[in-house]
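Student: Sequence unavailable; structure follows:
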């Protein structure tokens, strides 16, 4: 076969599955600078070479066209791309306004399985200490 | 292992473009593609410790880099997989140099495959193993109704992670029957018997090289390997074929054959 | 069909027959026009060649609640496509053994060669297969009929 001139570029990058808090070990296949596949990490102390259906597909969102890569803020009924400062200012303004008008319990906080323990801790701290509500829930509380 | 390091260097100097083997990266064993004979990565190469689907990785590499030649460290199972994959037109053996690694006696015993060494051994000592038939014998000792109950119970643990298929070096189809909603109902966990697992077992017939990676990847400890191994026994007994063994002989399920073969088959039935 | 579906009940057995267009379907037709009597518990599926029958179809048939599956095609050497039934013969061997290992009675799957001239053989195959399946009873893989809508 004819050489297409491509420089050989293939490596496996050990990582942790981001889909839930279990923390299974994955190896991401990186070929020509693109993440092309997932293998389970055989000697990982959490998962010992097994993954669930989401873990096996963990590489798929990386280059997805539908992936959000910048914050979107709705203005005039339409989502528009913006920078993080503007987006966070919009969130702070919206939450403060609702809490002021309707009381802190009108606000709820939804933590994520895809964040670290520490990030989730901070989110509930923000809810209880800053906003003043116990309305904290989690996407994995089934 | 210093021997492996020398082999990698030698092959790279001999003109292969890259060597696929394992390396120890800060305590994690993972497949690595070494492209440079002077690379510091050479110090990290490892022969044993974990098994990865090398055949699967090579299908992608050979396709992505059509002008390149690769060397690969193969155990008996890896070699069988590559031989069978070449018959299925998935790898080009002309662009592949296999460097054989024999499994240690301990590995061979723990894994229990049919042939724990490749046809040519460059590293390690050949150890014989007795193929593990305990589960097959246990199932065969049961009555039909008990057997069905036994298998249903095994498969009822399936979480449908598709790991058995994903890790399998012999699974390369773009359209997989296991994702066909007419055959396997989407969203149903565990998958209904017999659809998912029996379809996979049938597709493994004359193809499975008994590497056991499926069972290692299964989070539910389903005895997949015994099921696929039994399918190979059936294949060998009925159609006289064992996957991955002789490079020039194709699976009888991949071509029509001659009238004499069929008449013989019918007579023996 | 001689029997009305209204009289069918849960325990009635149901057989799916894959018949090849060139031989066995014509054989079944001959049995029909010859007014040969045989049990009406068989649903026919006409295929162009038995070689087109994927083992998946058989698995699917059992999954959907069939109690027996018959595959009937041209005799070896008489295939309209010359060698299509060779594949059937090979696949059948493997499939039947696989079912046996999984605990599905091997008698629930049958392969027969029936030519276009063998109306009597077709009727006899259906008679004996129906008898065998009735002896085995409803398939353990059968879902509730209501669920399948059969």
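Tutor: Okay, I see it. Note that the structure is predicted; figures quoted are calculated from it, not measured. Numbers count the residues shown, from 1 in each chain, chains lettered A, B, ... in the order given.
Student: Quick check on residue 28: phi, psi?
Tutor: Defaulting to chain A. Main-chain torsions, residue A:28, degrees, to the nearest 10: phi -90, psi 130.
Student: Hmm, no, I was thinking of chain C.
Tutor: Note on residue C:28: backbone dihedrals following degrees, to the nearest 10 are phi -70, psi -40.
Student: got the contact list for the nearest residue to it once chain neighbours are set aside?
Tutor: Using C-beta to C-beta, 6 or more residues apart in numbering or on different chains and skipping the chain neighbours, the partner closest in space to residue C:28 is residue C:122 (5.1 Å). C-beta: built from backbone N, CA, C; applies to glycine. When contacts are counted by C-beta atoms under 8 Å, 6 or more residues apart in numbering or on different chains, residue C:122 is found next to C:24, C:27-28, C:30-31, C:36, C:38, C:72, C:114.
Student: and chain A, what are its domains?
Tutor: Split into domains by automatic domain parsing, chain A comes to A:10-56, A:72-138.
Student: Any chance of TSV for those, columns mean pLDDT?
Tutor: Output for the domains of chain A, formatted as TSV (pLDDT from 0 to 100):
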stretch	mean pLDDT
domain A:10-56	95
domain A:72-138	94
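Student: Looking at those domains, spot the one closest to chain B.
Tutor: For these, proximity to chain B was assessed by C-beta to the nearest C-beta; domain A:10-56 is nearest, at 3.9 Å.
Student: do the closest one and chain B meet at all?
Tutor: Yes: Domain A:10-56 is in contact with chain B by C-beta under 8 Å from any C-beta of the partner chain, via A:10-12, A:14, A:27, A:29, A:31-32, A:36-37, A:39-44, A:49-53, A:55-56.
Student: From the opening residue of that domain to its closing one, how far?
Tutor: This stretch, domain A:10-56, spans 19 Å end to end (C-alpha to C-alpha, to the nearest Å).
Student: For stretch B:177-196, give me every contacting residue.
Tutor: B:151-152, B:155-160, B:162, B:165, B:197, B:199-200, B:203, C:56, C:59-60, C:62-63, C:102, C:104, C:141.
Student: Can you tell me which of the residues you listed are buried?
Tutor: B:151-152, B:155, B:158-160, B:162, B:165, B:197, B:199-200, B:203, C:56, C:59-60, C:62-63, C:102, C:104, C:141 (16 or more other C-beta atoms under 10 Å in any protein chain shown).
Student: Neighbours of residue C:123, how many?
Tutor: When counting by other C-beta atoms under 10 Å in any protein chain shown, one arrives at 21 neighbours for residue C:123.
Student: Can you pull the poorly scored residue ranges out of chain C?
Tutor: For chain C, applying pLDDT under 70 flags the ranges C:1-9, C:143-150.
Student: Which stretches in it count as helices?
Tutor: For chain C, the helices defined by DSSP state H cover C:24-33, C:55-63, C:84-102, C:119-136, C:145-148.
Student: Over to the stretch 151-269 of chain B?
Tutor: Along the stretch 151-269 of chain B, the segments classed as helices by DSSP state H, counting those that start in this stretch run B:163-167, B:195-204, B:213-217, B:224-239, B:259-268.
Student: got the angle between the second one and helix B:224-239?
Tutor: With axes from the mean of the first three to the mean of the last three C-alpha atoms, to 10 degrees defining the directions, helix B:195-204 sits at 50 degrees from helix B:224-239.
Student: same question for helix B:195-204, mean pLDDT?
Tutor: Averaged across helix B:195-204, pLDDT comes to 96.
Student: of all the residues in chain C, which ones are close to chain B?
Tutor: C:55-56, C:59-60, C:62-63, C:76-77, C:83-84, C:86-87, C:89-91, C:93-95, C:97-98, C:100-105, C:140-141.
Student: Apart from its chain neighbours, what residue comes closest to whichever residue of chain A sits closest to chain C?
Tutor: Using C-beta to the nearest C-beta, the single residue of chain A nearest to chain C is residue A:53, 21.5 Å away. In space, and not counting its chain neighbours, residue A:53 is closest to residue B:161: 4.7 Å by C-beta to C-beta, 6+ apart.
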